[in-house]
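Undergrad: A structural model of the following input is requested.
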Amino acid sequence: MEPPQVTPVDPRLLETLTTSLAAQPENLSLRLHLVDLLVEADRTDDALRTIKAGTENDRQDLEFRRRMVMLLRRTGAVAEALIRAE
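TA: Reported below is the predicted structural model:
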């Protein structure tokens, strides 16, 4: 049995979503979707920058905080991840 093929994330989609997020920085769903796609495209640093640019309201959202902690841990920023997890 062959492993499932992974379809690469289209860079044009990432560019379009990044542009949309710049126009709607308060759109948490869009931000989280873009973060997920950046991670899938193995662009963890870009994903971390994108999530860190979230608004103060975003930071109150449990899913937002969960993803930020996951990205911080993935990039080796364990101390910051622990702080943000609280």
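
Undergrad: what are the buried residues along stretch 39-47?
TA: Buried residues in stretch 39-47, counted by 16 or more other CB atoms under 10 Å: 39, 41, 43, 46-47. Using the backbone N, CA and C atoms, a C-beta is placed for each residue, glycine as well.

Undergrad: got it, and stretch 51-71?
TA: 51, 54, 58, 61, 64-65, 67-71.

Undergrad: what segments of this structure are helices?
TA: Here the chain has its helices, by DSSP state H, at 11-23, 28-40, 44-52, 62-74, 78-85.

Undergrad: for the first one, the averaged confidence score.
TA: So the one you mean is helix 11-23. Computed over helix 11-23, the mean pLDDT rounds to 97.

Undergrad: may I have it as CSV, with CA atoms only?
TA: Taking Å, rounded to 0.1, in the frame of the first residue of the first chain, the C-alpha atoms of helix 11-23 are listed here in CSV:
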residue,chain,number,x,y,z
PRO,A,11,2.0,29.7,-3.7
ARG,A,12,-0.7,31.8,-5.5
LEU,A,13,-3.2,30.7,-2.9
LEU,A,14,-0.9,31.7,-0.1
GLU,A,15,-0.3,35.1,-1.7
THR,A,16,-4.0,35.7,-2.2
LEU,A,17,-4.8,34.8,1.4
THR,A,18,-1.9,36.9,2.7
THR,A,19,-3.3,39.9,0.7
SER,A,20,-6.8,39.2,2.0
LEU,A,21,-5.5,39.1,5.6
ALA,A,22,-3.7,42.4,5.2
ALA,A,23,-7.1,43.9,4.2
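
Undergrad: residues in contact with it: which ones?
TA: 27, 30-31, 33-34, 37-38, 41, 43, 50 (CB atoms under 8 Å, 6 or more residues apart in numbering).

Undergrad: one more pass at 6 Å, please.
TA: With CB atoms under 6 Å, 6 or more residues apart in numbering as the test, helix 11-23 has contacts from 30-31, 34.

Undergrad: how much space is there between the residue most central in space within the chain and D46?
TA: In the chain, the C-alpha nearest the mean C-alpha coordinate belongs to V35, at 2.3 Å (CA atoms, centre = their mean). Separation of V35 from D46 (CB to CB, to the nearest Å): 9 Å.
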